[in-house]
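In: Quick one, structure for this:
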Amino acid sequence: MGELVGQVLRHWRARLTREDIGLPPRLRRRSGGGLTQEDVAEAVGYGLRAYVDLEHGGRGRPSADLLERVADVLRLEADERRMLWVTATGMSRPAQSYATDPDAGLTQMCEQMACPAYVTDAAWQVLGANRAVAQWFVDFGSVPPVDRNIAKWIFGNVHAQHVFVDWPRFADEFVARFRALYALMPSNPGFSTLLDELLAYPEFAARWAAAPVISVDPPTARRFFREPGADLDDPGVPLDMVILAPVAPDDGRRVVAFQYPPGYTPELTAESAPERCPACARLRT
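Out: I've put the predicted structure just below:
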């Protein structure tokens with residue numbers, strides 16, 4: 001990676017002049033133009049040795065502060081910032097924000113699936129869901145927009161505990177997933193606001209206060225779900241939960257699909273899942 005980071009940094013330096021980055025012009029014009037290593041070091045506020053080490057790929061991993069300052073001085077676009085991080089550290093740049101608007105292609109993909117499928121942003125706000133989601137889980141179209149969130153449904157809607165055969169395990173895994181993403185963006189308003197709201201749910205609050213559970217999502221995880229209309233003694237159907245995540249870390253939108261077993265066809269009606277749930281019906285009486 002050392003040679004590559006040097007190549008890209010030299011290329012980006014060559015595009016700019018001292019005047020472009022707010023430094024006074026040189027008294028004597030330099031042949032070849034562009035910025036020198038000294039120019040960049042001066043502009044970012046680090047010593048020359050620190051910048052030279054970055055460009056040569058030596059002396060350990062550079063700090064996030066140095067990388068971000070260099071990216072600002074060199075006026076890097078989002079894709080270029082990601083390249084700087086990967087070539088300098090071997091890791092993706094931590095996401096600072098995430099996309100919150102629906103994507104027409106992802107929504108259409110979900111709508112064309114026969115199995116339950118939905119699209120969310122990084123903070124699990126639902127951006128789109130197909131009819132099977134309403135038949136198995138919840139009709140998000142009937143939920144106020146601000147509450148169309150997978151986390152709020154899992155911990156704030158009692159029907160979620162009827163759907164998952166092993167709800168405690170799923171809840172543990174979800175809190176671990178949330179903790180890992182929150183650690184990357186603790187000051188992001190979307191995550192901090194959602195955390196405040198989730199802490200009002202006792203089941204979430206207890207798990208958040210407990211020792212962290214380590215959970216790494218594989219691309220496909222099999223979980224058992226009770227069929228629409230089934231009671232709590234139902235053993236459930238094995239659905240493969242497939243998570244498709246974006247390549248760009250600052251996008252965050254994900255597609256989650258629950259694939260049926262081969263040859264399985266559920267008996268679905270126009271009613272939403274809670275309307276058909278015997279356990280929910282007992283709570284209403």
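
In: buried residues in the longest helix along the chain?
Out: The residue-count maximum for a helix in the chain (DSSP state H) belongs to helix 167-184. Within helix 167-184, the residues that count as buried by 16 or more other C-beta atoms under 10 Å are 170-171, 173-179, 181-182. For every residue, glycine as well, the C-beta is placed using N, CA and C.

In: Roughly how far does Thr87 sit from Arg49?
Out: 20 Å (C-beta to C-beta, to the nearest Å).

In: go on, Glu19?
Out: 25 Å.

In: what about the strands in the stretch 101-250 of the chain?
Out: For the stretch 101-250 of the chain, the strands defined by DSSP state E, counting those that start in this stretch cover 117-120, 126-129, 220-225, 237-244.

In: from the chain's centre, how far out does the longest helix of the chain sit?
Out: Relative to its parent chain, helix 167-184 has a centroid offset of 12 Å by C-alpha atoms, centre = their mean, to the nearest Å.

In: mind listing what Pro228 touches?
Out: Neighbour list for Pro228: 135-136, 266-269, 271, 273, 276-277 [criterion: C-beta atoms under 8 Å, 6 or more residues apart in numbering].

In: Only the buried members of those residues: can you turn that into a PyMOL selection?
Out: This is how PyMOL selects the buried members of the contacts of Pro228, with burial counted by 16+ other C-beta under 10 Å:
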select buried, resi 135+136+268+273+276+277
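
In: What is the lowest-pLDDT residue among the contacts of Pro228?
Out: Looking at these by pLDDT, the weakest one is Leu268, with 75.

In: Skipping its backbone neighbours, what lies nearest it in space?
Out: Nearest residue to Leu268, sequence neighbours excluded (C-beta to C-beta, 6 or more residues apart in numbering): Gln135, at 4.7 Å.

In: Does the one you found touch Cys277 like I think?
Out: No: using C-beta atoms under 8 Å, Gln135 is not in contact with Cys277; the gap is 11.4 Å.

In: Could you list the low-pLDDT ranges of this protein?
Out: 1-2, 27-32, 94-95, 214-217, 249 (pLDDT under 70).

In: Please enumerate the helices of it.
Out: For the chain, helices defined by DSSP H occupy the ranges 2-14, 37-44, 48-56, 64-73, 78-89, 104-111, 131-136, 150-156, 159-163, 167-184, 189-198, 202-209, 273-276, 278-284.
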